[in-house]
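Participant: give the three-dimensional model of this entry:
(one chain, ligands or ions: 2)
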Amino acid sequence: MTAVGTQDDISSNVRVKELVESIEELKKEMRAIILAHYYTVPEVQDVADIVGDSLALARAAESTDADVIVFAGVYFMGETASILNPDKLVLMPDDHAGCPLADSCPVEEFRKFKARHPGAEVISYINSTAEIKAESDIICTSSNAERIVRQIPEDKEIIFGPDRNLGGYVMRKLSREMILWQGYCYVHDAFSWDVIKETVDAHPGAELIAHPECREDLLRHADFVGSTSGLLNYAEKSSGNTFIVATEPGILYEMQKRSPGKTFIPAPKNASQPWSTCTQMKQNTLEKLHECMVKRAPRIVVEESLRRAALKPILRMLEMS
Ligand code: 13P
Ligand code: SF4
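Facilitator: Ligands and ions are numbered 1, 2, ... in the order given. The predicted model follows:
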């Protein structure tokens, strides 16, 4: 017997189909490219031209010849695209979709922090505001942080911000001290080994894979640590069949698509901190994506002197990685 959806399911499928068709038409009319992060909802990933991690999306924004960039991600991502493309129209489905990690590093405080370590090289994670980028020497992402820190002479002090977990991970990998800003991502910092251990014990043979924004206690037990693209590639190439995935669960959509025969188990969250999804990423709905293209707003614009100052360390990152 064929399964029959409810009237609500049918109406919602029709609505999705209409929105997708209209978005495809708008894309052609506007000469637009849609970039989306792996943490966005599946229907947004499906309509995007490129789905990627922060580095891949920044590279795509740098090299595109489209007239319009529609960025389904969090604010710093759209802002970075705009910094790289002052002459293009950069749109976001929701310009209130901020990254709390980026917002946890106010520029005045960061300047004072820097002033306590004169002469230090300042490396900032791309999950930071344009103001913090403008205060930095080099930007990095989770996929190139190690490579970038490796290129800094051994006798040079390094300030790393705003994510203390990624900074700590790089320090341990390279056996190198860095001065860390104490920011963290509420999604990744909520995972703890004590909770995840039960899942690992219940699935003998499963591999634990984790994003470097997770805490040290978890990363020490992980079979593989990597950026969202790194995790996807690892799961695809590994001979393993079952993976416990410690990152935002939006990534499971692409993981399952790339490796349909494998099993992916989202790592459980810490019961006292009931967040494992990035609510900001989920603000990018298909409706808002469509609406921003129709209205050509909200537009992401960065004031020119700030843009130029923030551009320098981003270009340095792109050269060094
Ligand atoms: P990636 O660059 O690994 O995709 O990470 C972005 C991010 O915001 C992780 O929380
Ligand atoms: Fe920011 Fe964390 Fe969301 Fe990534 S998952 S965008 S770091 S809040």
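Participant: which positions in the stretch 101-250 of the chain make contact with ligand 2?
Facilitator: Counting by C-beta under 6 Å from any ligand atom, the positions of the stretch 101-250 of the chain adjacent to ligand 2 are L101, N127, C185, V187, E213, E248. For the C-beta atoms, the positions are set from N, CA and C on the backbone; glycine is no exception.
Participant: hmm, the fourth one is touching G250, no?
Facilitator: Right, the one you point to is V187. No. Checked against C-beta atoms under 8 Å, the pair V187 and G250 is beyond contact range at 10.1 Å.
Participant: which residues touch stretch 76-83?
Facilitator: Applying C-beta atoms under 8 Å, 6 or more residues apart in numbering, the set of residues contacting stretch 76-83 from outside is 35, 37, 54, 57-58, 61, 69, 71, 88, 90-92, 95, 98-99, 102, 126-130, 133, 300-302, 307, 310-311, 314.
Participant: just the buried ones from these, in PyMOL syntax?
Facilitator: Entered in PyMOL, the line below selects the buried ones among these, by 16 or more other C-beta atoms under 10 Å:
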select buried, resi 35+37+54+57+58+61+69+71+88+90+91+92+95+99+102+126+127+128+129+130+133+300+302+307+310+311+314
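Participant: one step back: going by neighbour count, which of the residues of the stretch 101-250 of the chain next to ligand 2 comes out on top?
Facilitator: Neighbour counts for those were taken using other C-beta atoms under 10 Å; the highest belongs to N127, which has 28 neighbours.
Participant: any low-confidence regions in this structure?
Facilitator: Low-confidence segments of the chain (pLDDT under 70): 1-5, 271-275.
Participant: strands of that one, start to end?
Facilitator: With DSSP state E, the ranges of strands along the chain come out as 32-37, 50-52, 68-72, 89-91, 121-125, 138-140, 158-161, 179-180, 207-210, 224-225, 242-246, 263-266.
Participant: what about stretch 108-121, distance to the chain center?
Facilitator: Using C-alpha atoms, centre = their mean, to the nearest Å, the mean C-alpha position of stretch 108-121 is found 26 Å from that of the whole chain.
Participant: quick check: closest non-adjacent residue to the residue nearest in space to the middle of the chain.
Facilitator: For the chain, the residue sitting closest to the mean C-alpha position, by C-alpha atoms, centre = their mean, is S54 at 5.0 Å. Among residues not flanking S54 along the chain, T141 sits closest, at 4.4 Å (C-beta to C-beta, 6 or more residues apart in numbering).
Participant: what is the burial count for the one you found?
Facilitator: When neighbours are counted by other C-beta under 10 Å, T141 registers 22.
Participant: does the residue nearest to the centre of the chain touch N127 like I think?
Facilitator: Yes. Assessed by C-beta under 8 Å, S54 is found in contact with N127 at 7.4 Å.
Participant: could you give the angle of the longest helix along the chain to strand 32-37?
Facilitator: In the chain, ranked by residue count with DSSP state H as the criterion, the top helix is helix 7-30. With axes from the mean of the first three to the mean of the last three C-alpha atoms, to 10 degrees applied, the angle from helix 7-30 to strand 32-37 works out at 130 degrees.
Participant: what helices and strands are in contact with helix 7-30?
Facilitator: Applying 3 or more C-beta pairs under 8 Å, 6 or more residues apart in numbering; DSSP states H and E, we find helix 7-30 packed against strand 32-37, helix 42-47, helix 286-295.
Participant: show me the contacts of stretch 76-83 that map onto helices.
Facilitator: Among the contacts of stretch 76-83, the members falling in helices (DSSP H) are S54, L57, A58, A61, A102, A130, K133, R307, A310, L311, I314.
Participant: list residues touching both of V187 and G250?
Facilitator: Counting by C-beta under 8 Å, 6+ apart, the shared contacts of V187 and G250 are T277, C278.
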